[in-house]
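S.K.: sequence and predicted model, in that order:
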Amino acid sequence: MSFASEFKEFALKGNVVDLAVGVIIGGAFGKIVDSVVNDLIMPIVGSVVGKIDFSNLYLVLGSVPAGVENNLAAIKKAGVPVLAYGNFITIAINFTILAFVIFVMIKQINRLKRAEAPAPVAAPVTPEDVVLLREIRDALKK
């Protein structure tokens, strides 16, 4: 089998195609979760803890040159090392929400799988000739 035909067989297997579709949908779902976190949840959390915008929380690890604005984007653009822990908080909340949503989805899928009880399997029917032979055998043993 040639390399090209082996690769074609591998790439067109159902599992590989399913995985590719899952990755694409996962990427799109990640963007939705990012939007939910950044546009809906973080403003509410920020207002509850005192109108803090987590994305602008940082700690400057060097000296800020004169004339540079005191915001994260300007300080990073000036090349000053910055510990942007606010961005980390946002991403951690994003991850927690995504993990929770996946947990709920898997839990529901497992519940549906348990609900689909397998149909009872009927005992296999013994052929008539085997039944007769067993009767003869049992009669001879007496």
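M.R.: Good, I have the coordinates. Computed from a predicted model, the values in this text were never measured in an experiment. Numbers count the residues shown, from 1 in each chain.

S.K.: which residues in this structure form helices?
M.R.: With helices called from DSSP state H, the chain shows them at 3-11, 14-35, 42-48, 72-77, 85-115, 128-141.

S.K.: buried ones in the longest one?
M.R.: Neighbour counts over helix 85-115 (16 or more other C-beta atoms under 10 Å) mark 86-87, 89-90, 93-94, 98 as buried. Glycine gets a C-beta too; all of them are placed from N, C-alpha and C.

S.K.: repeat for the third one
M.R.: Judged by neighbour count using 16+ other C-beta under 10 Å, the buried positions of helix 42-48 are Met42.

S.K.: and it, how far out from the chain's middle?
M.R.: Distance of helix 42-48 from its chain centroid, counting by C-alpha atoms, centre = their mean, to the nearest Å, is 26 Å.

S.K.: with the second one instead?
M.R.: Going by C-alpha atoms, centre = their mean, the spacing between the C-alpha centre of helix 14-35 and its chain's C-alpha centre is 9 Å.
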